[in-house]
Every structure is written in C-alpha cells, then in structure tokens.
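Colleague: build me a structure from this.
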Amino acid sequence: MNSVSVRLAQKEDIPAIEGLIPESVRGLSQNHYTEQQIESALRYIFGVDSQLIADGTYYVAEIDRSFVGCGGWSKRKTLFGGDQTKQGTDPLLDPATEPARIRAFYVHPAWARRGIGSRIMETCEKAALAAGFSRMELGATLPGVPLYQAFGFVPIEEIEAPMPDGVTLPIVRMGKNIGQD
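Modeller: Residues are numbered from 1 along each chain as shown. Predicted coordinates:
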C-alpha cells in the first residue's frame, strides 16, 4: 500500500470531505442499517462539522493526494452529528472532568480495513492527551464499533438517535481512558 499521510483538515477540504462522507456511509453501513436509515442519517446526522476544522482537531488521510479517510476529536460537548444538527453554541469541555470526543470518522470503502482509521485514531488520541484530556468518548455507528473496540473503547450505552422524518439510527456510546500506559 502506498504511504498514508494524515494532516489537519483545512476549510478548503470541506468539498472533498462532503464527497467522501456519503461514499463511506453507503459503502460501509449496508450490512448494519437499512437503506432508509442510511439515507435519513446522511440528510440529518452525518456531515461535516466545520467547528472541528476551525478548532484544528479534524484530520484528513491521503494516499497519492487522494482523500481516503477523515476523522477527528473534539474539545466540545457535541457527541456526534454535522453542521446540520447544530443548535446554538457548542460549549467547550473541561479536560479535568469531561472526556474529549472522537468525531466524524469516515473511510472510503475501497480503503476500509487497511489501517486508515487507525492512523487517524492514533493522531486524535495523542492530540487529546496533549490537550489535557484523560478520557475519550464517542458515538459509534454500528459498522464503527469493531474499530473502536480494537482501540480499547468499551460500550457505555446504546442510543436510538431520532431524526426529523421519524427514522431512528442505533448508535453505541463508547468510552476509554487514555494516557495511563
């Protein structure tokens, strides 16, 4: 496999990220969600969270200058969802008492299970630790649960995320302690 580079996402990357998200979701969620759940979630939940890019906590993975994945971490309260789910400000978390969030991981289906998500996760964990966090939480889609378990995340609760069209999306809230090696 050609070399994977992981770098901070820039505002100019948003169109490419917006193109990657539906490919990732449609390609990797088929065995976990119905077509209705996938399409509804693409409309109401999955999308770019521009606050992550502005905060400098979102990354893109590239191979030969092609986007193959993206994901990030957050120092804000939102657990999941893109700009379309935002209502008001997204307050900062207190690293001393609250967990950082792992957010918006998407990998192109052609590059799935080749270490792309792992590279981004390692980058996020190091950055969250450097920012003073000792715990991380996330809202995992069902196809993402195995990746997060491989990184030591454990399920906390199952969530049914309701969408405006009446469809719900099962999500697993997961967490792990970091920096305690």
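
Colleague: which residue lies nearest the spatial centre of the protein?
Modeller: The structure's the chain has its C-alpha centroid closest to A104; by Cα atoms, centre = their mean the separation is 2.2 Å.

Colleague: got the contact list for that one?
Modeller: Residues near A104 by Cβ atoms under 8 Å, 6 or more residues apart in numbering: 46, 48-49, 52, 58, 70-72, 80, 82. Where you see a C-beta, it was placed from the backbone N, CA and C, and this is true even at glycine.

Colleague: go again with 6 Å.
Modeller: Applying Cβ atoms under 6 Å, 6 or more residues apart in numbering to A104 gives the contacts 49, 71.

Colleague: helix or strand: which one has it?
Modeller: Per DSSP states H and E: A104 is located in strand 100-107.

Colleague: and after that strand, which helix or strand comes next?
Modeller: Following strand 100-107 toward the C-terminus (DSSP H and E): helix 116-130.

Colleague: for that next one, buried residues please.
Modeller: 116-121, 123-125, 127-129 (16 or more other Cβ atoms under 10 Å).

Colleague: check stretch 28-35 too.
Modeller: Those would be 28-29, 33, for stretch 28-35 by 16+ other Cβ under 10 Å.
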